[in-house]
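Asker: My questions are about this predicted structure, shown below with the sequence.
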Amino acid sequence: MSVTYIDAIHQAQRDLLAERDDVFLYGQDIGGFGGAFKATKGLLEEFPGRVMDSPISEDAMVGMAIGAAISGMRPIVEMQFADFSSIAFNQIANHAGTHYYRTGIPVPITVRLPCGGTPGSGPFHSQMVETLYAHYPGIIVATPATVSDAYHLLKESVEIDDPVVFCEHKFLYRWLKTTEIDPEPLPLGMARITRPGKHATVVTYSAMVHEAVRAADRLAKEGWEIEVVDLRSVKPLDMDTVIASVARTGRLLALGEAFPWGGVTAEVVSRVVAEGFHLLDAPPLRLNSKDTPIPYHPDLWAAHRPTPESILEKLRELLNL
Amino acid sequence: MPQVPIIMPQLGESIAEARIIRLNIAVGDSVVADQEIIEVETNKAMMGVTTLCGGTVTEIRAEEGVEYAVGSLLGILEATEEEISRTGAPTMGEQGEPGLLDEGEEGNLHFRQTEQSYEEPKLVEPSVRGLPVPAGMKGAHYISPRMRARMDELGLREADISAIAGSGAGGRVTVEDLEQFLEYISDWPDSTASPMRLAVADAMRRSWSRPLASVGLPVVLDPVLEHRSRQNPKPGLTLYVLRAFAIALSEQPATAGFLIGEKVVHPRAYDIGIAVQVEDGVVVPVLRNVDQLRVPELAEEYGQLVRQARNRKLTPEQAQGGIATVTNFGTFGLKWGTPIPLPNETLILGLAAGIKQPRWSEEVGAFVPVTETEICLTFDHRVVDGGGAGLLLQRIGALLQSPEKL
Amino acid sequence: MESPSASVPITSSEIDADLIRRTLRVMIISRTLESKLSSLYKAGKIVGGVYLGTGQEAFSASLGCCLDQGKDIFAPLIRDQAGRTGFGEPLIEATRTYLGSALGPMRGRDGNIHRGRPAERRPAMISHLGTSVSVVAGMLMARRMKGELLEVVGATCVGDGATSTGAFHEGLNLAAVEKLPIVVLVADNQFAYSTPRERQFACENLVDRARGYGVTGREVDATNLLECLTVVHEAVKAARAGEGPQMVVGKLLRLCGHGEHDDASYVAPELKDSKLGRDCLEIGIQQVVEEGLATADEVELWKKEAAEEVQEAVANAQTDPGPDPYRDDWRAFSSKGINS
């Protein structure tokens, strides 16, 4: 019996629809069709009237969700790809993100973004967009890397009163499985030590957690113990766990799949240097995707993003500094 | 009657000033609240300035055709208390003189309505010429912040970790290397270094950062020993050497100079230090004006200082300000040595043991016994060369042959 | 004398004398308030922008007064002071927001016309035009899902410029697909800042777009109070009856600058002199007096009362404290445990 990452997301939505009257789902092709990734398969049949097909109007989808949320509902908006959320950027960042600060009324919307690359998906079906939303005040950005986190963080995202951008990774949808969803959830805002170590820390999130673990396993054969920290959410950012890890190991590699300018890896490094300078035995390093749009060809794509090989190489560089 | 200021309003987001087109009022006119009294032009539009309350115009400071900054005082009107409280208009007393910031008041530039347009800074000359540290050196030899923190925690200095081979890039010592080294020495027998030991360690480490060299000269001690035996009380042998040293230095001040950058700082006074061995270390009291006082005159203070030093009762002032030091290790029977100068001095003169030696006497035509010692000078080779050191020693040796003049 | 801010449930199918009188009074109050805001701005008492609805009062007030304050939703835009007053927004909320009071609905965190009380069905606008349409749509959808949509109408206003935005297009389209009881007033006042309508859209009349969205479109001479009331009332009634989204395009001329920092010198004098450039307030007063719905003296009294009401709202707001940057909690999250 195995549960995949997409199963967990499906299950979470199903449980939410069953447990709460105020949840409804809005997105393109999510009704009878069950969604482009089948995240909502069968849910319309089970919960009639609460799983709606929207027009291709990302701005209006989120605007509508904001209106519904301030009227007592808890909408989940599914964007077909994170890349298309740029159309809704204004409503998410300028409307939902500012609403509580300006009016005192929170906006409990959850916007689900299928993020990240898969071979052949190309520049507009592969992006990691967490940085854009984390930058704006008032928005929570969740980036689950495990099946259990996909389940529990989605539920918690809907239950929280603030707007949440839920970045689910497409590659993990069917590739990542577990035997059962962990009954003990870790709350939003806490990072997890996926792999304990002592020579260096890799801080990362989403699909890169698994690539980091594979790189760490290879280095273990050479006697290096690499600690891997899974952030679980990039905003809020659990610096306590990160700093404690760097205190243990003295070396930091911030790893992410997003583009290299700025972003989560830059934020982690800058905070570690500011708050934990005395803990560093070597300059902190970053590894991200290349600074180009995401290429289509699988060979180019594989070289564009960090892989266990490139992570290993970077870790070697870090360990030798 | 209270006075209400008429100020240039902020008529648009990036507007910093406006030009007066027409003044629709004159001094003495009566106005009502919300009356447009002045027409102005911004770079976007023609606008009006309106009154906050009714009253009488008492002063007009603005001129037609002239530009005024946002916040400038354009005029003043007088209004009744009642009108002011009805409209909430500010009065001159409350606002002070609008249009000027209090001296030293910074305020948020964005909202500073009372400033003339802000002149952006011109191109500037760099204040630091030449980088103090070479930029872009990959794998440069450095001590990491974590290493520093650990060293501070353990009270270690860079000299302390010189024993450790570094495994990091550029051969640097990493925290791991340090921890392994500490682990390695952890089961060796050890004792705790006293504060005196640490102070000497620090001074010697700092001194050693210079290129030091040593030269020695044999000197016949008999004249001094003979002169000394006829004195009562007997002055220390070291005191004669101190005197000769001071006189020789006063003849060549640059030899005792201290190098800072491009400057050689010469001695102001010939205050010479005396190295005194104490338990687990050395202290150096300083004898003052040794070039100007003779041995009998110095003897009492000399004795006092040495006693105090041995009893560890020296004040900090007594150990400061020397320009060179004499150390007598002859008391241990040593024939020569390479003492290390104090970190703030260029020279140290070592006195070895006096030993009866056979010496060829030309006059007698045979070997005659003499008591001879080796005086050793260690010097900072940046300031003094072998030649200068040699000449200095020769002069000291010569002076010691006429102890009655010292 | 009835208070113009009192809630008046619309039960009759025709517009009645009370509605007309009330609407005119609301227009007078709105004009008076805005005139005062303009003076305050030109006297340097207001920081930032001041946006007036001069010339649009009849159109906006008609909507505000035809809506049911007890259950309808109204998301106003920048020139809807009259609509706001008609819908029950207290004047002090306007003066407090403009004068930077910490006690206003936005508490200093937003200003001028960016104000509202979302929990009381009066959403606060953001500056990006057209975004309110989908938000009102969402508020209506929530009610539908909770079974509370019966007889509720949601309304919002845009200008001719806003109809160019993607947000407007997406919002109205979505509202139409979802068949929501939304009334969208489009005030075609000929200009978006300095941009004339020829540079804004290529269709003859904005109301032509209604057909494209699958919504009911109506057009009205927005300088004519009685016409405004008739048409807007009809539109609100149709929405309430479940006939789907209603677009009402009002034709008028903007009689003020884009903001009070703008003197609108780009507006051709011919426009100002044309029928389009007439002042709806003057026409409204004329109509009301001619129809015998109020006497000239009553109108004068309303003007006097408006001036007093405005003066009080200004005076009270002026004595309020501003926000304290040292005491502000500087938090954008409502969840207590969440920090950046």
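Answerer: Good, I have the coordinates.

Asker: Could you use CA atoms for every contact and neighbour count after this?
Answerer: Noted.

Asker: Could you verify my assumption that residue B:381 touches residue B:213?
Answerer: Yes. Between residue B:381 and residue B:213 there is a contact at 6.2 Å, judged by Cα atoms under 8 Å.

Asker: more crowded one of those two?
Answerer: residue B:213 (19 against 16; other Cα atoms under 10 Å in any protein chain shown).

Asker: a strand runs through that one, doesn't it?
Answerer: Yes. According to DSSP: H, G, I helix; E, B strand; the rest coil, residue B:213 belongs to a strand.

Asker: Give the bridge partners for it, please.
Answerer: Here residue B:213 sits in beta bridges with residue B:379, going by DSSP bridges.

Asker: what's the burial count for residue 173?
Answerer: As the question left the chain open, I've gone with chain A. Neighbours of residue A:173 (other Cα under 10 Å): 20.

Asker: Please refer instead to chain B.
Answerer: 22.

Asker: before we move on, what SS does residue C:38 have?
Answerer: Going by three-state DSSP: residue C:38 is helix.

Asker: ok now do the closest residue to it other than its chain neighbours, which residues does it touch?
Answerer: Nearest-residue entry for residue C:38: residue C:260, 6.6 Å, with adjacent residues in sequence omitted and distances by Cα to Cα, 6 or more residues apart in numbering or on different chains. By Cα atoms under 8 Å, 6 or more residues apart in numbering or on different chains, the residues touching residue C:260 are B:11-12, C:38, C:41, C:49-52.

Asker: In JSON lines, list the residues you listed along with pLDDT.
Answerer: Shown next, in JSON lines, are the contacts of residue C:260 (pLDDT from 0 to 100):
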{"residue": "B:11", "pLDDT": "82"}
{"residue": "B:12", "pLDDT": "79"}
{"residue": "C:38", "pLDDT": "95"}
{"residue": "C:41", "pLDDT": "92"}
{"residue": "C:49", "pLDDT": "87"}
{"residue": "C:50", "pLDDT": "94"}
{"residue": "C:51", "pLDDT": "95"}
{"residue": "C:52", "pLDDT": "97"}
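
Asker: now, which of these sits nearest residue A:178?
Answerer: residue C:49 (56.9 Å; Cα to Cα).

Asker: Secondary structure class of residue B:395, three-state.
Answerer: Note that with three-state DSSP, the state of residue B:395 is helix.

Asker: what about it, neighbour count?
Answerer: Neighbours of residue B:395 using other Cα under 10 Å come to 16.

Asker: mind listing what it touches?
Answerer: Counting by Cα under 8 Å, 6+ apart, residue B:395 has contacts residue B:248.

Asker: go on, residue B:25?
Answerer: B:37-38, B:57.

Asker: which parts of the stretch 201-340 of chain C sit against chain B?
Answerer: Contacts of the stretch 201-340 of chain C with chain B, taken as Cα under 8 Å from any Cα of the partner chain, map to C:260-265, C:311, C:315, C:318-319.

Asker: could the residues you listed go into a markdown table alongside secondary structure and pLDDT?
Answerer: Listed next are those as a markdown table, based on DSSP: H, G, I helix; E, B strand; the rest coil; pLDDT from 0 to 100:
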| residue | secondary structure | pLDDT |
| --- | --- | --- |
| C:260 | coil | 91 |
| C:261 | coil | 88 |
| C:262 | coil | 89 |
| C:263 | coil | 88 |
| C:264 | coil | 91 |
| C:265 | coil | 89 |
| C:311 | helix | 94 |
| C:315 | helix | 92 |
| C:318 | helix | 91 |
| C:319 | coil | 90 |
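
Asker: Show me the two of those that sit farthest apart.
Answerer: The widest separation within those (Cα to Cα) is 35.9 Å, between C:265 and C:319.

Asker: Shouldn't residue A:228 be within a helix?
Answerer: No. Using three-state DSSP, the assignment for residue A:228 is strand, not a helix.

Asker: okay, it: pLDDT?
Answerer: Looking at residue A:228, its pLDDT stands at 97.

Asker: repeat for residue B:158
Answerer: For residue B:158, pLDDT reads 81.

Asker: Give me the neighbour count for it.
Answerer: 11.

Asker: For residue B:191, see how far away it is.
Answerer: Computed with Cα to Cα, to the nearest Å, the distance linking residue B:158 and residue B:191 is 21 Å.

Asker: correct me, but residue A:60 touches residue C:177?
Answerer: No. Contact criterion Cα under 8 Å: residue A:60 and residue C:177 do not qualify, at 11.8 Å.

Asker: What parts of the stretch 101-250 of chain B come near chain A?
Answerer: So the stretch 101-250 of chain B meets chain A at B:139, B:144-149, B:168-169, B:174-175 (Cα under 8 Å from any Cα).

Asker: Just these: which are in helices?
Answerer: B:145-149, B:175 (DSSP state H).

Asker: residues touching residue 200, list them.
Answerer: With no chain named, the answer covers chain A. A:225-227, A:246, A:249-253, A:315, A:318-319.

Asker: please go with chain B instead
Answerer: B:281-282.

Asker: So which bits of chain A are right by chain B?
Answerer: A:250, A:277-282, A:320-321.

Asker: Based on its surroundings, how many neighbours for the residue in the stretch 1-150 of chain B positioned nearest to chain C?
Answerer: When distances are taken as Cα to the nearest Cα, the stretch 1-150 of chain B reaches nearest to chain C at residue B:9, 3.9 Å away. Taking other Cα under 10 Å as the criterion, the count of residues near residue B:9 is 27.

Asker: And for stretch A:258-270, what's in contact with it?
Answerer: Contacts of stretch A:258-270 (Cα under 8 Å, 6+ apart): A:127-129, A:131, A:203-204, A:234, A:239, A:254-256, A:284-292.

Asker: Could you list which of the residues you listed belong to helices?
Answerer: Using DSSP H, the contacts of stretch A:258-270 in helices are A:131, A:239.

Asker: Return the members of the contacts of stretch A:258-270 classed as buried.
Answerer: Using 16 or more other Cα atoms under 10 Å in any protein chain shown as the burial test, the contacts of stretch A:258-270 include A:127-129, A:131, A:203-204, A:234, A:239, A:254-256, A:284-290 as buried.

Asker: Measure how buried residue C:239 is and give me the count.
Answerer: Residue C:239: 25 neighbours (other Cα under 10 Å).

Asker: How about residue B:341?
Answerer: Residue B:341 has 25 nearby residues by other Cα under 10 Å.
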